[in-house]
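Enquirer: got a predicted model here, sequence first, then my questions.
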Amino acid sequence: MKRSVADIFSDIALFFIRPIVYVLMRREIKIIHEGPVIKQSHKPFILISNHFNTWDAFVVSRHMKKNIRFVATEIAFLDFSKKIGMKHLARAIMKRVGKHEYKATKRIFNALKQGYAIGLFPEGDNTFYGETLDIYTSTGKLLKRTGVDVILIKQQGGYISQPRWADYFSTRGILHTKTSTLFTVDELKQLSVADINKRVKAAIYNNDYEWQKEQMIDFRRKKRAEGIERLVYYCNNCGGILTVHGEGHDIVCDDCGTIGTINEYEFIEGNTFDNLVDYNHFQYQHIDKVIASEFSFPVTFNIVNTAKLKNKSYGTYTVYYKDQTITVSNGMDTHVFELEYIKYPVNTMRHSFSFDYEGVTYNFTDIRHQFVLYEMCRYLNGSYKE
């Protein structure tokens, strides 16, 4: 299939932009790579990787000469500058996380026919706590249908360098990547969708804390605990709900005081759990107590025009949670959302939570507690990853 003028423009623009981006990226992250560099002449393929933050597309492209069209969440296009970069320069394939979209699938197949590689992050979101997330069950079906090889780039160290919840990232991050062939076309033909998903899940799985136990890198990150309330919603010492926050390197509960300190290697000292993967598994075991509780916090309330990809802000509102219902109000205007009817919840970046409700897309920004909202929805409504 012939490439359009927009595709040709994108290819030329990215040729000149990538070196600049890589220089900027090196100011924050050093990439140590193992495996072959994929040449531009390589036949079309699907590239998959685990997801750690917004640098991911550039990290996995660093040792790829082949032009790639990445599949990206629709919500990321709401920011004007990112919309220009992703839609026009990168020609990313826009897809709403959780929705089955024929248009996105068609663009994937067309891009392969045009000779491009497709970049795919099967988790659909990057981890808040350092461990690979579940993948979308539709991943195996898509890979099987494409009829091309699947190449894996495994990433390790990205989360520890720049925890998604953190107010401050390391400027001396170290990220290890490794390229390998995960499936050939012939293998995909022989495997069932379930077996493909099983292998993908195993291949991209990573626990950055287990990796760090072997590396023990000092990332020299300042105020290492600040921002932790984005992730932690349950105090493992006193059972307080939304009482935990960070002060410097200390993890502090409003009710019972300091419950741990994050050391220079990103491990927790002075707590039952020395890492946030185990801590998160523990707090999710108590999500029923969170659901039975009451709490509130401020957000910027937005309604999304999905046709025009615009986020209309209505200013600061307060989120009130009680009885499996979210009430959002500024004193004059009130919106009520029952958790069981929330669809397609997604955390974007470290400060945005969006969802559909009765056919309308809502977006909370400047939010410090989005993870707890997602986890409550997931617990009550089941996995959204179909």
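Expert: Thanks, I have it. These numbers come from a predicted model, not from an experiment. Numbers count the residues shown, from 1 in each chain.

Enquirer: quick one: least confident helix or strand in the protein?
Expert: Lowest by mean pLDDT, DSSP states H and E among the helices and strands of the chain is helix 80-83, with a mean of 70.

Enquirer: any idea which helix or strand comes after that one?
Expert: strand 93-95 (DSSP states H and E).

Enquirer: wait, Gly140 touches Val200, no?
Expert: Yes. Using Cβ atoms under 8 Å, Gly140 makes contact with Val200 at a distance of 6.9 Å. The C-beta positions use only the backbone N, C-alpha and C, and glycine is treated the same way.

Enquirer: report the buried residues of the top strand by length along the chain.
Expert: With secondary structure taken from DSSP state E, the chain has its longest strand at strand 310-322. Within strand 310-322, the residues that count as buried by 16 or more other Cβ atoms under 10 Å are Asn311, Tyr317, Val319, Tyr320, Tyr321.

Enquirer: one more: stretch 172-180?
Expert: Neighbour counts over stretch 172-180 (16+ other Cβ under 10 Å) mark Gly173, Ile174, Leu175, His176, Thr177, Thr179 as buried.

Enquirer: could you please name the strands the helix or strand hosting the last one pairs with and the direction of each pair?
Expert: Element membership for Thr179, per DSSP H and E: strand 173-183. Here strand 173-183 is paired, per DSSP bridges, with strand 29-34 (parallel), strand 149-156 (antiparallel).

Enquirer: quick revisit: show me which residues of the least confident helix or strand of the chain are buried.
Expert: Lys82, Lys83.

Enquirer: list of residues touching that helix?
Expert: Here helix 80-83 makes contact (Cβ atoms under 8 Å, 6 or more residues apart in numbering) with Ala76, Phe77, Leu309.

Enquirer: separate out the buried members of those residues.
Expert: Buried subset of the contacts of helix 80-83 (neighbour count, 16+ other Cβ under 10 Å): Ala76, Phe77, Leu309.

Enquirer: quick one: the second one and Asn311 touch, right?
Expert: No. Phe77 is not in contact with Asn311 according to Cβ under 8 Å; the separation is 9.8 Å.

Enquirer: rewinding a little: restrict the least confident helix or strand of the chain to CA atoms and write it as PDB.
Expert: C-alpha atoms of helix 80-83 as PDB (Å, rounded to 0.1, in the frame of the first residue of the first chain):
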ATOM      1  CA  PHE A  80      -2.400  20.200  22.500                       C
ATOM      2  CA  SER A  81       1.300  19.800  22.200                       C
ATOM      3  CA  LYS A  82       1.200  16.100  22.500                       C
ATOM      4  CA  LYS A  83      -1.700  16.000  20.000                       C
END
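
Enquirer: just the buried residues of stretch 172-180 now: which is nearest Pro36?
Expert: Sorting the buried residues of stretch 172-180 by distance to Pro36 puts Thr179 at the head of the list, at 5.8 Å, by Cβ to Cβ.

Enquirer: who's in contact with the closest one?
Expert: Shown in contact with Thr179 (Cβ under 8 Å, 6+ apart): His33, Glu34, Gly35, Pro36, Val37, Ile38, His63, Ile151, Leu152, Ile153.

Enquirer: contacting residues around the second one?
Expert: This points to Glu34. Applying Cβ under 8 Å, 6+ apart to Glu34 gives the contacts His176, Thr177, Lys178, Thr179.

Enquirer: what are the ranges of the helices in the stretch 1-150 of the chain?
Expert: In the stretch 1-150 of the chain, helices defined by DSSP state H, counting those that start in this stretch lie at 5-26, 56-61, 80-83, 102-113, 138-146, listed in chain order.

Enquirer: which secondary structure elements does the last one contact?
Expert: To tie it back to what came earlier, the one meant is helix 138-146. Helices and strands touching helix 138-146, by 3 or more Cβ pairs under 8 Å, 6 or more residues apart in numbering; DSSP states H and E, are helix 102-113, strand 117-120, helix 185-190, helix 193-204.

Enquirer: which stretch in these has the least confidence?
Expert: With a mean of 93, helix 102-113 has the lowest mean pLDDT of the helices and strands packed on helix 138-146.

Enquirer: what packs against that one?
Expert: Using 3+ Cβ pairs under 8 Å, 6+ apart, helix 102-113 is in contact with strand 68-73, strand 93-95, strand 117-120, helix 138-146.

Enquirer: quick check: phi and psi at the spatially most central residue of the chain.
Expert: Residue closest to the mean C-alpha point of the chain, counted by Cα atoms, centre = their mean, is Asn126 at 2.2 Å. Main-chain torsions, Asn126, degrees, to the nearest 10: phi -100, psi 150.
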